[in-house]
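> What would the 3D arrangement of this be:
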Amino acid sequence: MTIKYYTTIAIILIAMTLSTAISGESLDRTQRPVGKPAPKVTLPEIQKAKLSNGLQVWLVEHHELPTVALNLVVQAGSDHDPIAQPGLAAMTAANLDEGTKTRTALQISEEIESIGASFSASSSLDGSFLTLTTLTKHLAKALDVYTDALTNSTFPQKEFERIRKQRLTSLMQQHDQPVAIANNAFARILYGIDHPYGNNAIGTEASLKSLTSDDLINFYHTYYRPNNATLIVVGDVKMDQIIPILENALSGWTATEVPSFTVPAPRPVEKMRIYLIDKPGAPQSEVRIGYPALARNTPDYFPVLEMNRILGGQFTSRINLNLRERHGFTYGANSGFRFQKGAGPFTAQGAIVTEKTDSALVQFLYELNLMHDKGMTKDELEFVKKGLVGSFALSFETPAQIAGALQNIVLYGLPEDYYQRYLQNIEAVKLDEANNAARQYLMPAQMAVVIVGDLSKIKQSIQALNIADVVLCDLDGKPLP
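From the prediction side, this is the model:
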């Protein structure tokens, strides 16, 4: 048995060697593989219609599978939360499908499940969304439930209380999770509680306890309006099929004036400070470094995207290769710009071995300063471009993925040919543009550093670095007296 096994292996190896020799190929494992030409991606046409109530409908036909994906995009998310009521947008979305004038939450769930569909309501910082995926043959039935939840939600008190209790429990759990503590405190420290980006999107204990179902109803009636929304439809359906159904189902959903809104500009970070939050017994230190950076409409989007890809936006980025591969400080470290309607944060982050927290912070700052001062190389830029180009087509394989892509266009007011021109925009970035972006948007001396960990083990060594003032904070990121 052993002889036969090794004989088989030998035959396979000989065959592989002969195949390589015959083809004239030689594999040099010391060289990075050369990328293949950029794939040709043909994106489907966006068809448009407008209902009599003012709702914009975008349709992309996709007939490969008998399914349809819908995504209603409402231009109001947590950014519209009143300062004293963080969590209002999220609670409104969470309760939207919990009962209507004719259906209970259980009936909605059962009707959707009986036809193999999926239905959810959610919100983000920038918008609120009502999504539906269904087989084409069940589209009419699925739309009946979907539009009923959208236009006839009663925000029942029983379900409101249940969801509020769940969120209060979630907040309690977050206070025991270093990752959540770091994320929430980082947002508060960068933006402050008087800015919508500075508060926890699910709310605070005080705000959730003060909310009433009437608050949700008022938010719904103010912002969930057909003239403040766009319905994206992707799948095995034609415009003349779906428009009559929508006209009938949404006839009672009326337009009205929606209050104008602009995300306020955040206050700048004047100088680097290190904010330490004690989590006794924490096995790792959660590190966040950054500042309020850029909105989605920045003209420097593509240079910044490609610059950050090498800095910390992929597994083979400089930050990860340094902190994980070279030094073994972490299982993974990264960086990114979160582009929002307003100036979203730049964040470099990682979960760091406690004893190496100070050393990891030094290496984070080293990589940030190196990119700011020296920029990236031509080879790095070309490598980044090939990666972005090669993965682009994978984002348009299913109706739900296409609907998600169109959501970005609707939500951020991007050009309608944004994805048609995406590959051209990636390829067009010049080395000096990427490096100018690094010099302009990576300024470690004006970044906040938030570290959550066991201060009995890390405080002294962090202070000994003497690189910035150290501020002790509570679990919410509020400076201690």
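
> only C-alpha atoms for contact and neighbour calcs from this point on.
Will do.

> What ranges in this structure fall below the confidence cut-off?
Filtered on pLDDT under 70, the chain yields the residue ranges 1-41.

> May I see the domains of it written out as residue ranges?
Using automatic domain parsing, the domain ranges for the chain come out as 47-249, 273-473.

> wait, which of those domains is closest to Pro266?
Distance to Pro266, taken as CA to CA, is lowest for domain 47-249 among the domains of the chain, at 5.9 Å.

> now do the same end-to-end measure for the closest one.
End-to-end distance for domain 47-249: 21 Å, by CA to CA, to the nearest Å.

> And for stretch 222-239?
End-to-end distance of stretch 222-239 (CA to CA): 29 Å.

> Okay, the residue most central in space within the chain and Gly313: tell me how far apart.
The centroid of the chain falls nearest to Arg338 when counting by CA atoms, centre = their mean (7.4 Å). Distance, Arg338 to Gly313, using CA to CA: 12 Å.

> And Val237, by the same measure?
37 Å.

> Strands of the stretch 101-250 of the chain, start to end?
118-123, 128-135, 229-235 (DSSP state E, counting those that start in this stretch).

> For those, give me CSV that also has distance to Pro292 and mean neighbour count.
Formatted as CSV, the strands of the stretch 101-250 of the chain follow (distance: least, CA to CA, whole Å; neighbours: other CA atoms under 10 Å):
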stretch, distance to Pro292, mean neighbour count
strand 118-123, 21, 19
strand 128-135, 23, 22
strand 229-235, 28, 25
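
> could you redo the ones you listed as CSV and give each row distance to Leu431?
As requested, those are exported to CSV (distance: least, CA to CA, whole Å):
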stretch, distance to Leu431
strand 118-123, 37
strand 128-135, 37
strand 229-235, 37
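
> what's the closest of the ones you listed to Thr347?
Closest approach to Thr347 among these is made by strand 118-123 (21.9 Å; CA to CA).

> Output the closest one as CSV, nothing but the C-alphas.
Extracted as CSV, the C-alpha positions of strand 118-123 are listed here (Å, rounded to 0.1, in the frame of the first residue of the first chain):
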residue,chain,number,x,y,z
SER,A,118,-37.3,37.7,3.2
PHE,A,119,-38.3,41.1,4.5
SER,A,120,-36.5,43.5,6.8
ALA,A,121,-36.5,47.2,7.9
SER,A,122,-33.2,48.8,9.1
SER,A,123,-31.4,52.1,9.3
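
> partner strands of it, parallel or antiparallel?
Here strand 118-123 has these sheet partners by DSSP bridges: strand 128-135 (antiparallel).

> circling back to that earlier point, the residue nearest to the centre of the chain: what's it in contact with?
Listed by CA atoms under 8 Å, 6 or more residues apart in numbering, the contact partners of Arg338 are Leu294, Gly344, Pro345, Phe346.

> from these, which ones fall inside strands?
Secondary structure defined by DSSP state E assigns Leu294, Gly344, Pro345, Phe346 of the contacts of Arg338 to strands.

> All the helices of the stretch 101-250 of the chain, residue numbers only.
Here the stretch 101-250 of the chain has its helices, by DSSP state H, counting those that start in this stretch, at 105-114, 139-152, 157-174, 178-191, 205-210, 213-223, 239-249.

> Let me have these in a markdown table, extended by distance to Leu423 and mean neighbour count.
Below are those laid out as a markdown table (distance: least, CA to CA, whole Å; neighbours: other CA under 10 Å):
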| stretch | distance to Leu423 | mean neighbour count |
| --- | --- | --- |
| helix 105-114 | 38 | 15 |
| helix 139-152 | 34 | 19 |
| helix 157-174 | 40 | 15 |
| helix 178-191 | 33 | 23 |
| helix 205-210 | 44 | 15 |
| helix 213-223 | 35 | 17 |
| helix 239-249 | 29 | 14 |
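
> Ok, which of the ones you listed comes nearest Ala89?
Across the helices of the stretch 101-250 of the chain, closest to Ala89 is helix 213-223 (CA to CA), at 7.3 Å.
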